[in-house]
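Participant: build me a structure from this.
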Amino acid sequence: MSLRGPKSAKSKLPSRGVGPEVSGEGREKALTAALGEIEKSYGIGSIMRLGDKSDLISKIEGISTGSINLDLGLGGKGLPKGRIVEIYGPESSGKTTLTLHVIASAQKSGDVCAFVDAEHALDPSYARKLGVKLDDLLVSQPDTGEQALEIVETLVRSNAVSVIVIDSVAALVPRAEIEGEMGDSFVGLHARLMSQGLRKLTGAISKSNCLVIFINQIREKIGVMFGSPETTTGGRALKFYSSVRLDIRRIGQLKDGDEVVGNRTKVTVVKNKVAPPFRKVEFDILYNRGISKEGELLDLGMKVGIVLRSGTWYSMKHPTDGEIRLGQGMERSRQFLMDNPDLAVLIEEEIFRKLSPVEVGLVDEEEIAELVADEAPSDVDPETEFDSGNSGGSGDGASAGKASGKSTTTKKAKASAK
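Facilitator: Now for the predicted structure:
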């Protein structure tokens, strides 16, 4: 008696076996037939040789960030089109300001831009001061995270929009959480939403050559003994799908006398797939004016030698008129360049002529090791990882947990050192 069961229905179907090994002309004919079968089934362009499609091997287009220093740190062209970019940092560090400058730069080229305001906090008057054309900007304030990502997908697949900004990932609340009650726990729901949305978006973004920027917030991981305790919301999926990740932070205040007029800002290129990563750049963000281009011209001009500083006085080497006094102090020198744009153009041309993008914002080995350690993988699944701020806890609870666990982790670290 045979122990084998009845043959399945699949065994009666004709099998597509592997043909005999071929070489030379036979292999080329077999490859041509296979390519033809794929194109017949999935359409022309579904598979091709890389050299057959000129636009695939052409140089990646970029959109200026509004900061000369940051553009150089990103490879010389700004943020890449057809890619996903993540910008994260603490509150009031300049994340939205940077994205509004990107939108203003794109609009100058005639591109259509969209702003998905999930935080419901966009200030139109401030955007106008940064150069954004409000009449040409598409704005959406979605009710749920699913609605926001569906709107983004529709805009991307239209091939009519060049820049889309989502502000922010933390505000993309899943529909189930909106419909639930306060205190309900939805473990991993936010991360799964982001993972599914990015899987659907990434291919369409590349084909449409649209730049999609996700603004993200940071949270604190509890019980971290070594390395940075900071993490971003929305799980790990966005880290993988992003071609560029920027960490932006406020490092100081700008004062005109006793009055605070802006912030000194530092941006770290944590990840870059289109240019060398791990660059650090600094620039000024002025209240009501945004990124100060003139301040960058003074900083970079001193680096290349066209701008001179003696005490508190700034001057420049003019190619025909010799040395020209710009002013006393950064604020007056910045205002002088604003009133004399022809001199600002001369300094900018000299900067781009002498300064290579590779030389901007180099980070030492210890800082690179710290950045890489922060991105180290864990045993948590990218689709189920959650942070305390999105899983029924609050940001205050996370901070309190960190404070209460600080002494314990310090004792453990000292004990291990002994």
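
Participant: how about Asp71: what's its closest non-neighbour residue?
Facilitator: Nearest residue to Asp71 in three dimensions, chain neighbours excluded: Gly78, at 4.7 Å (Cβ to Cβ, 6 or more residues apart in numbering). For the C-beta atoms, the positions are set from N, CA and C on the backbone; glycine is no exception.

Participant: quick one: contacts for that neighbour?
Facilitator: Contacts for Gly78 (Cβ atoms under 8 Å, 6 or more residues apart in numbering) come out as 62-65, 70-71, 102, 105.

Participant: so which of those belong to helices?
Facilitator: The members of these that map onto helices under DSSP state H are 70-71, 102, 105.

Participant: would you map the helices across the stretch 1-150 of the chain?
Facilitator: Secondary structure of the stretch 1-150 of the chain (DSSP state H, counting those that start in this stretch): helices at 25-42, 54-57, 68-73, 95-108, 124-129, 145-157.

Participant: most tightly packed of the ones you listed?
Facilitator: Highest mean neighbour count of the helices of the stretch 1-150 of the chain: helix 68-73, a mean of 26 (counted as mean count of other Cβ atoms under 10 Å).

Participant: list of residues touching that helix?
Facilitator: By Cβ under 8 Å, 6+ apart, the list of residues contacting helix 68-73 reads 62, 64-65, 77-78, 267, 269, 279-283, 293, 296-297, 299-300, 348, 351, 355, 357, 360-361.

Participant: quick one: buried ones out of the residues you listed?
Facilitator: 62, 64-65, 77-78, 267, 269, 279-283, 293, 296-297, 299-300, 348, 351, 355, 357, 360-361 (16 or more other Cβ atoms under 10 Å).

Participant: which ones among those residues map onto strands?
Facilitator: If you go by DSSP state E, these have 62, 267, 269, 280-283 in strands.

Participant: low-confidence ranges in the stretch 51-200 of the chain?
Facilitator: Applying pLDDT under 70 to the stretch 51-200 of the chain flags residues 52-58.

Participant: can we see that at 80?
Facilitator: The stretch 51-200 of the chain contains residues with pLDDT under 80 at 51-59.

Participant: what's the spacing between Met225 and Val270?
Facilitator: Applying Cβ to Cβ, to the nearest Å, the value for Met225 to Val270 is 22 Å.

Participant: revised request: answer the last question for Thr233.
Facilitator: Distance, Thr233 to Val270, using Cβ to Cβ: 16 Å.

Participant: swap in Ala106?
Facilitator: In terms of Cβ to Cβ, Ala106 sits 23 Å off from Val270.

Participant: send me stretch 302-313 as CSV with only the CA atoms.
Facilitator: Taking C-alpha atoms only, stretch 302-313 is exported to CSV below (Å, rounded to 0.1, in the frame of the first residue of the first chain):
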residue,chain,number,x,y,z
MET,A,302,36.8,84.5,4.7
LYS,A,303,37.4,80.8,4.0
VAL,A,304,38.4,81.4,0.4
GLY,A,305,40.2,84.6,1.1
ILE,A,306,38.1,87.2,-0.7
VAL,A,307,36.6,88.5,2.6
LEU,A,308,39.0,89.8,5.2
ARG,A,309,38.4,90.5,8.9
SER,A,310,40.4,92.8,11.1
GLY,A,311,39.0,92.9,14.7
THR,A,312,35.3,93.6,14.2
TRP,A,313,35.7,95.2,10.7
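
Participant: on that earlier part again, out of the contacts of Gly78, who's nearest Gln253?
Facilitator: Among these, Leu70 lies closest to Gln253 (Cβ to Cβ), at 20.0 Å.

Participant: grab the nearest non-local neighbour of Ala127.
Facilitator: Nearest residue to Ala127 in three dimensions, chain neighbours excluded: Leu100, at 5.3 Å (Cβ to Cβ, 6+ apart).

Participant: right, and the one you found touches Arg128 too?
Facilitator: No - the pair Leu100 / Arg128 is not scored as a contact, 9.7 Å apart, by Cβ atoms under 8 Å.

Participant: next, Leu346: phi, psi?
Facilitator: With angles defined as degrees, to the nearest 10, Leu346 sits at phi -60, psi -40.
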